[in-house]
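Participant: sequence and predicted structure, then a few things I'm wondering about:
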Amino acid sequence: MSSKHPASSTLTLSAISDDELVESISAPNSSLYISSTMGFHCPDARIDEQGENLKGSTFVPMLVSMPKTDIIADSPDQFRQKLRLPRFAKPSYYELRFHPDLVSYTFSGVVAITVDILQTTRFLVINVVDLTIDHASIHFKDLAPTEVVFFKDDQIMVLGFGKELPLGEGVLRVNFNGTLNDDLRGFYRSKYEYKGKTANMAVTQLQAVNARRCFPYWDEPAFKAKFKITLQVPSELVALSNMPVSSEIVDGAIKTVHFEESPLMSTYLVAMVVGIFDLVEGVTSQGTKVHVYTEVGKSEQGKFALDVGVKFLDLYNGYFGTPYALPKLDMIGIPDFSNMGMENYGLVTFQVLDLLFDGSSSTPAKQHEIANTVAHELAHQWFGNLVTMEWWTHAWLNEGFATWMSYHAVDYFFPQWNVWMEFLESTISTLRLDSLAGSHPIEVEIHHTSEIGGIFDDIIYIKGASIVGMLQSYLGADPFQKALASYIKKYAHSNANTEDLWAVLEAETGRGRNPTGTGPFFIKWILWIWLVGCFYHVKYDRELSAKLQNALEANMFSSMEKIGILENARMLSMARKDSLASLLYILYACRKEADYSVLTHIDDITSTIAQIFTDAMPKLVGDIKQLFIKVLIAPAEKLGWDPINGEDDQDVGLRKILLVDLVELGHDKTINEGVRHFNILTRDHNTSILSPDTRTAAYLSMMQTASSTNRSGYDDLRRLYRDSADREEKLRILAFYMIPSVLSYCSDKDIVLESLDLIFTNEVPNKDAIHLLEFISIDTRETAWSWLKENWDHILKVVPEKDLLWCIVNNIVPLSALKGNLKMVNINMRWIEGIRTEPGLAQAVHALLHKT
């Protein structure tokens, strides 16, 4: 699965005292210890009350303990408050039949589960939530249960029979009904456009523990089984599932679609999609059919994903030494989707923008993102689907390997993209999170299934991938690949954990855990990541610092070394181990930098400092912005506004970053040029003067000049949003990832409030309302905070609570309002205090401003 938000956006509602707040940002000693995310982390801790209909849930902090009642032996009560299902019965085969109704938003279903009774018992325990069960339909062999008990807090249904069940196989049959919800989980509905009208599709999202909302079953990765799925749908619709269609019977307005039997797989990988779609298709060198499904009329936009998908499958077939296990692979974009991608076996679902590429409006950066997301999800077809972690504690095996393989695959086919430098940037960002005292290991202990959703952060993805890279570096590329192939072959169609992987690596490479007699073999990994990933930081004396600055001015370091120097200076300043002035001198020494990766890192640091200064030294904000303009202006002017023939994708992406930076810093010349470009666009929407990459800077420039008395540009931008049929363009106007929310990027309070109020109108769909709040600029934060408090109840009707909390903590609430509550905020507050009391800081800023 590819996450939608980076780790820094994950919320935590775990209670901590003031005394437990982090006192240092030094990294923990353990190499396998990873920090929690920035802000606070809040897995969907849903502790439901016991009840009969399994409807509804309540958010509570995950550390709250529920009162325990007495457990009665030989009764359904004995299965309460258990993390895992009992092992006395095991499913091997599911025959599922669904009838989704896209008008009433309901579905009905029948499941026949072949179950092997392994030990003496009179009970069967399966996972169910948010489903209505037909009690009269329940039978195991010829036995009807005498007890049917639901425990909502544990999301289980306990079937008690009047006598012990016979050992061996039998079939459990259950009829059930559910709602095609709009919660983006289980079996749900999503809206899409068809012939100019809004239509509904039915789609599943079952990871991690949401298949129980779709049908009754054993909802754990280790309970692998085969699946035979049938869908009854309106005859004009397309029905998709994990396997190819085996037969299709049309009976008037309804058709029954039977799919082939699947291989063994975990239940969270079951997938179904029903709607009207176009497609493009291809085939791998080994004959696997690959399809990309799109909304009608958009099949051309699926060709890039199809092309890289075929290439990646061929690459992985060779790398893993085991061919892709299914006869087909479908990929489809879902308009309403909670993640970037989901690796369902044979039917991979994506957020539309992470699958479809429109050459006329999409940016090269978007093309890179699509390639990486497709590579990630297809790598899961081996790491995750063919070989599955035994329990969610080992989720890093899925996500860490898929992340590392995605970079490997993209670099293999697109070496010019320099993706390993991007990976270094991600690693540095994750290590910054790792510096928090509340670190968690990559193997996360699960205490309740409600915690599982919260473990999918950058620690699992990026740090997990870093460990994979360390393994390859330590063992050697060829031995590592051969060992992985052996691991895949040994555990194919089964489950494994971290110890299983270690054992295979040792056996295949001869590199044991104690090769030198000095400790576990991952000691060498620590040294590797210390050297490459900046796990430690060095404070230089004044003389060495001056030499370092001179060497930077003379361009004597590689790009990777420059990034390491910059990050070292940043972290020392944040830890108050060195002055901010020292960091500013390092930044100033890089003012002639031209490398994409180094400049994007400078962009990140300058943006952070500019925001911190708003709280730390507001009187010096103007000067610090002028200093950063001096740092960034040379590469920005070299690139200019207009594309240059023959330039590479990194220059295209860098132009966007630098122009947006200069607009945010208040560079008058850039803002004026942006307004000029915007005015040309409003007169001619098809003009080539404003490329997709520079539009954001132009929109932000216009918003800088908008006011209640001069709102023509603002109205033009609103009109451009309404008239655009391109979703990427609409999101560009609302807010793009890590770019300020455009419509609220204004110094006029009334314009900001008018833009925020759009979430209550039909102009902005509910699914996009979050984007208006996602990246509120530092200058409009106070206005947004007041608006949010006044409209809280109304906002909750439009924006999901978990998304709203993310926005509040990361973008809207002033730091002072959160002081003492959050680890990362505490670090920033300590940094602010250090900046306020740093002697000579203002003089250093002024000296650099006037330095030639």
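Facilitator: Yep, it's here.
Participant: how confident was the prediction at residue 705?
Facilitator: Residue 705 carries a pLDDT score of 92 in this model.
Participant: number of residues surrounding it?
Facilitator: Using other C-beta atoms under 10 Å, the number of residues around residue 705 comes to 17. Just so you know, the C-beta spots here come from the backbone N, C-alpha and C atoms, and that holds for glycine as well.
Participant: quick check: closest non-adjacent residue to it.
Facilitator: Residue nearest to residue 705 in three dimensions, not counting chain neighbours: residue 675, with 5.9 Å by C-beta to C-beta, 6 or more residues apart in numbering.
Participant: after the one helix or strand the one you found maps to, next one along is what?
Facilitator: Using DSSP states H and E, residue 675 maps to helix 668-683. Per DSSP H and E, the first helix or strand lying C-terminal to helix 668-683 is helix 692-705.
Participant: quick check: angle from the helix or strand that comes right after that next one to helix 668-683?
Facilitator: Next helix or strand after helix 692-705 toward the C-terminus (DSSP H and E): helix 712-723. Interaxial angle of helix 712-723 relative to helix 668-683 (axes from the mean of the first three to the mean of the last three C-alpha atoms, to 10 degrees): 50 degrees.
Participant: helix 712-723 vs helix 692-705, what angle?
Facilitator: Going by the same axes, to 10 degrees, helix 712-723 is angled at 140 degrees with respect to helix 692-705.
Participant: in the helix holding residue 675, what counts as buried?
Facilitator: By neighbour count on 16 or more other C-beta atoms under 10 Å, the buried set for helix 668-683 is 670, 671, 673, 674, 675, 677, 678, 681, 682.
Participant: between those residues, which sits nearest residue 230?
Facilitator: The closest of those to residue 230 turns out to be residue 681 (C-beta to C-beta; 51.1 Å).
Participant: wouldn't the closest one be in contact with residue 690 here?
Facilitator: Yes - judged on C-beta atoms under 8 Å, residue 681 makes contact with residue 690 at a distance of 4.9 Å.
Participant: for stretch 752-762, which positions count as buried?
Facilitator: For stretch 752-762, burial by neighbour count (16+ other C-beta under 10 Å) applies to 752, 753, 754, 755, 756, 758, 759.
Participant: what angle sits between the helix or strand containing the third one and helix 712-723?
Facilitator: Residue 754 belongs to helix 749-756 when elements are defined using DSSP H and E. With the same axes, to 10 degrees as the criterion, the two stretches helix 749-756 and helix 712-723 enclose an angle of 0 degrees.
Participant: offset the numbering so it begins at 51, please.
Facilitator: Noted, 51 is the first residue going forward, which turns the last one into helix 799-806.
Participant: could you give the mean pLDDT of helix 799-806?
Facilitator: 93.
Participant: now do the closest residue to residue 609 other than its chain neighbours against residue 678, distance only.
Facilitator: Leaving aside its sequence neighbours, residue 609 sits nearest to residue 645 (C-beta to C-beta, 6+ apart; 4.7 Å). Separation of residue 645 from residue 678 (C-beta to C-beta, to the nearest Å) stands at 18 Å.
Participant: out of the two, which sits in the busier spot?
Facilitator: Neighbour comparison, residue 645 and residue 678: the larger count goes to residue 678, with 26 against 21 (by other C-beta under 10 Å).
Participant: wait, doesn't that one sit right on residue 715?
Facilitator: Yes - at 5.6 Å, residue 678 and residue 715 qualify as touching, with contact defined as C-beta under 8 Å.
Participant: ok so, going back, between the buried residues of stretch 802-812, which is closest to residue 457?
Facilitator: When the buried residues of stretch 802-812 are compared against residue 457 (criterion: C-beta to C-beta), the nearest one is residue 809, at 36.4 Å.
Participant: pretty sure that closest one contacts residue 819?
Facilitator: Yes - under the contact definition of C-beta under 8 Å, residue 809 touches residue 819, with a separation of 3.9 Å.
Participant: mutual contacts of the two, please.
Facilitator: 848, 849 (C-beta atoms under 8 Å, 6 or more residues apart in numbering).
Participant: pull up the overlap in contacts between residue 678 and residue 715.
Facilitator: Counting by C-beta under 8 Å, 6+ apart, the contacts common to residue 678 and residue 715 are residue 660.
Participant: so what sits against both of residue 731 and residue 740?
Facilitator: Listed contacts common to residue 731 and residue 740 are residue 748; contacts here mean C-beta under 8 Å, 6+ apart.
Participant: Three-state assignment for residue 657, please.
Facilitator: Following DSSP: H, G, I helix; E, B strand; the rest coil, the label given to residue 657 is helix.
Participant: now it: how far from residue 781?
Facilitator: Residue 657 is 20 Å from residue 781, where distance means C-beta to C-beta.
Participant: then residue 801?
Facilitator: Residue 801 is 20 Å from residue 781, where distance means C-beta to C-beta.
Participant: in terms of neighbours, single out the busier of those two.
Facilitator: residue 801 (22 against 17).
Participant: I'd guessed that one sits against residue 767; true?
Facilitator: No - applying C-beta under 8 Å as the test, residue 801 and residue 767 come out as separate, 10.7 Å apart.
Participant: let me see the contact set for the residue lying closest to residue 405 once chain neighbours are set aside.
Facilitator: Spatial nearest neighbour of residue 405, excluding adjacent residues (C-beta to C-beta, 6+ apart): residue 383 at 4.2 Å. Applying C-beta under 8 Å, 6+ apart, we find residue 383 in contact with 343, 344, 345, 352, 399, 400, 401, 402, 403, 404, 405, 406.
Participant: wait, which of the residues you listed is closest to residue 162?
Facilitator: Closest approach to residue 162 among the contacts of residue 383 (C-beta to C-beta): residue 399, at 26.0 Å.
Participant: quick one: which helix or strand includes that closest one?
Facilitator: strand 397-401.
Participant: now that strand - C-alpha only, CSV.
Facilitator: Output of strand 397-401 as CSV, limited to C-alpha atoms (Å, rounded to 0.1, in the frame of the first residue of the first chain):
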residue,chain,number,x,y,z
LEU,A,397,-6.6,-5.9,-9.2
VAL,A,398,-4.5,-3.0,-8.0
THR,A,399,-6.5,0.2,-7.0
PHE,A,400,-5.0,3.7,-7.1
GLN,A,401,-6.0,7.3,-6.4
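Participant: gap between it and the chain center?
Facilitator: Distance of strand 397-401 from the chain centroid (C-alpha atoms, centre = their mean, to the nearest Å) equals 13 Å.
Participant: where does pLDDT dip in the stretch 751-900 of the chain?
Facilitator: For the stretch 751-900 of the chain, the stretches with pLDDT under 70 are 786-788, 852, 855-879.
Participant: which stretches in it count as helices?
Facilitator: Secondary structure of the stretch 751-900 of the chain, counting by DSSP state H, counting those that start in this stretch: helices at 762-773, 777-784, 799-806, 816-824, 831-840, 842-846, 851-857, 865-868, 873-886, 891-899.
Participant: of all these, which lies closest to residue 674?
Facilitator: Residue 674 lies closest, by C-beta to C-beta, to one member of the helices of the stretch 751-900 of the chain: helix 891-899, at 6.1 Å.
Participant: what packs against the closest one?
Facilitator: Counting contacts by 3 or more C-beta pairs under 8 Å, 6 or more residues apart in numbering; DSSP states H and E, helix 891-899 is packed against helix 630-639, helix 671-689.
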